[in-house]
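Return atomic coordinates for the entry below.
(one chain, ligands or ions: 1)
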Amino acid sequence: MSIDVSMQGRVAVVTVNRPEVLNALSSELLEELLAAFRGLADDDECGVAVLTGAGERAFIAGADIAELATKTPLMARRYSEHGQDLSHLLETMRKPTIAAVNGYALGGGCEMALACDLRFASTTARFGQPEVNLGIIPGWGGTQRLARVCGLGIAKELIFTGRVIGGEEALRIGLVNAVADPVLDRARETATLLASKSPIALRVMKELANRALGGDHSANLDAEGDTFGELFSSDDAKEGLTAFVEKREPVFRGT
Ligand code: COA
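Okay, the predicted model is just below:
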């Protein structure tokens, strides 16, 4: 197994563990990651999932280039779908996902980080979409999500040039939420905070926020209003509002 999953309280940490190739994702590894995140998506004991890489040097240095070099167009199309299944799951699973980027996040690594809800970077983190240098393009969501996170002009510059940037620049362009060492501690701290919130409120906020940059603005606002109303039938909303009035900390149960 090249994936380690550990659980501390309601926070799961998934570590890609293939440091000999800077945690590059082979098809097999992609399959393992998908299985791990599908398991966490269905596990009510897990409130927040963190993705990171083993070793000092890399988060994920991208798709496995040695494997890519052997692919036919049809195989490459499937490989793209495969990676997009994982990025789509990170983006849409009904609980927050956080990337703790501890080194190279290139190509597919940057794309997996972009699919997470939040991103934290170590001071040694390096981000980029260098596919253009291989004569190919990002295939796991990079042409779309980078623009959604950082804006179209910046995204085009980074995917056209393949330029690799450090954590401070990533922070400046909005690619990461914060730069901190040790980055996994920083990610765990936020994950633990989120795990104490209402899982129902987090789930619906994630769904609504994911609609913010697409679709019809009025329809999205209507959906927010409907969801706001529906939430008042939840125990968590009653608990949160009552706890404030009673001047105590709320205890959310996800019901
Ligand atoms: N796929 C397969 N193997 C990879 C890899 C990848 N994406 N990234 C790194 N590796 C392997 C290297 O081939 C090398 O293997 P070796 O020891 O058997 O030669 C090992 O990981 C260490 O990498 P190396 O290139 O020696 O380290 P470096 O410090 O000189 O450079 C990088 C680090 C990340 C700049 C460089 O490895 C690189 O450019 N990787 C490719 C990044 C990329 O283009 N990703 C997008 C893929 S679509």
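
check contacts around the residue in the stretch 101-250 of the chain positioned nearest to the ligand.
In the stretch 101-250 of the chain, the residue that lies nearest the ligand is Gly107 (2.5 Å; Cβ to the nearest ligand atom). Any C-beta I mention is one placed from the backbone N, CA and C, and that applies to glycine too. Contact analysis of Gly107 by Cβ atoms under 8 Å, 6 or more residues apart in numbering lists 61-63, 128-131, 138, 142.

For the strand or helix carrying Glu169, give the mean pLDDT please.
Glu169 is part of helix 167-172 when elements are defined by DSSP states H and E. What helix 167-172 shows for mean pLDDT is 98.

what's next to it, contact-wise?
101, 119, 121-125, 127, 176, 178-179.

one more time with 6 Å, if that's ok
121, 123, 125, 127, 176, 179 (Cβ atoms under 6 Å, 6 or more residues apart in numbering).

tell me, how many neighbours does Leu22 end up with?
19 (other Cβ atoms under 10 Å).

State whether it and Ala58 are indeed in contact, as I suppose.
Yes: counting by Cβ atoms under 6 Å, Leu22 does reach Ala58; the two are 3.7 Å apart.

Disregarding residues adjacent in the polypeptide, which is nearest to the residue of the stretch 101-250 of the chain closest to the ligand?
Gly62 (3.0 Å; Cβ to Cβ, 6 or more residues apart in numbering).

Three-state assignment for the closest residue to Leu86 other than its chain neighbours, please.
Computed as Cβ to Cβ, 6+ apart, the closest residue to Leu86 that is not its neighbour in sequence is Leu34, at 5.0 Å. On the three-state scheme (DSSP: H, G, I helix; E, B strand; the rest coil), Leu34 is labelled helix.

Quick check: Leu34 touching Gln84?
No: with contact defined as Cβ under 6 Å, Leu34 does not count as touching Gln84 (10.7 Å).

mind checking the backbone torsions on Leu175?
phi -70, psi -30 (degrees, to the nearest 10).

what's near enough to touch it?
Counting by Cβ under 6 Å, 6+ apart, Leu175 has contacts Cys150.

and if we set it to 8 Å?
114, 119, 127, 146, 149-150, 165 are the contacts of Leu175 under Cβ under 8 Å, 6+ apart.

per-residue confidence at it?
Here the pLDDT value assigned to Leu175 is 98.

Ok, Asp235 next?
For Asp235, the pLDDT comes out at 97.

Now tell me what touches stretch 221-228 from outside.
Stretch 221-228 has contacts (Cβ under 8 Å, 6+ apart) with 204, 207-208, 211.

Okay, helices next: where are they in the stretch 51-200 of the chain?
65-68, 73-92, 108-115, 142-150, 152-161, 167-172, 183-195, 199-210 (DSSP state H, counting those that start in this stretch).

which one among the contacts of Leu175 gets closest to Ala237?
Ranked by distance to Ala237 (Cβ to Cβ), the contacts of Leu175 are led by Arg119 at 29.3 Å.

Identify the contacts common to Leu22 and Ala58.
103-104.

hmm, back to that, can I get the helices of the stretch 51-200 of the chain in a markdown table including mean neighbour count and distance to Lys247?
Listed next are those as a markdown table, based on neighbours: other Cβ atoms under 10 Å; distance: least, Cβ to Cβ, whole Å:
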| stretch | mean neighbour count | distance to Lys247 |
| --- | --- | --- |
| helix 65-68 | 15 | 58 |
| helix 73-92 | 16 | 37 |
| helix 108-115 | 30 | 40 |
| helix 142-150 | 19 | 39 |
| helix 152-161 | 15 | 45 |
| helix 167-172 | 17 | 37 |
| helix 183-195 | 19 | 21 |
| helix 199-210 | 17 | 21 |
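
Reformat the ones you listed into JSON lines and put distance to Met7 next to each item.
Shown next, in JSON lines, are these (distance: least, Cβ to Cβ, whole Å):
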{"stretch": "helix 65-68", "distance to Met7": "30"}
{"stretch": "helix 73-92", "distance to Met7": "18"}
{"stretch": "helix 108-115", "distance to Met7": "20"}
{"stretch": "helix 142-150", "distance to Met7": "27"}
{"stretch": "helix 152-161", "distance to Met7": "35"}
{"stretch": "helix 167-172", "distance to Met7": "27"}
{"stretch": "helix 183-195", "distance to Met7": "11"}
{"stretch": "helix 199-210", "distance to Met7": "15"}
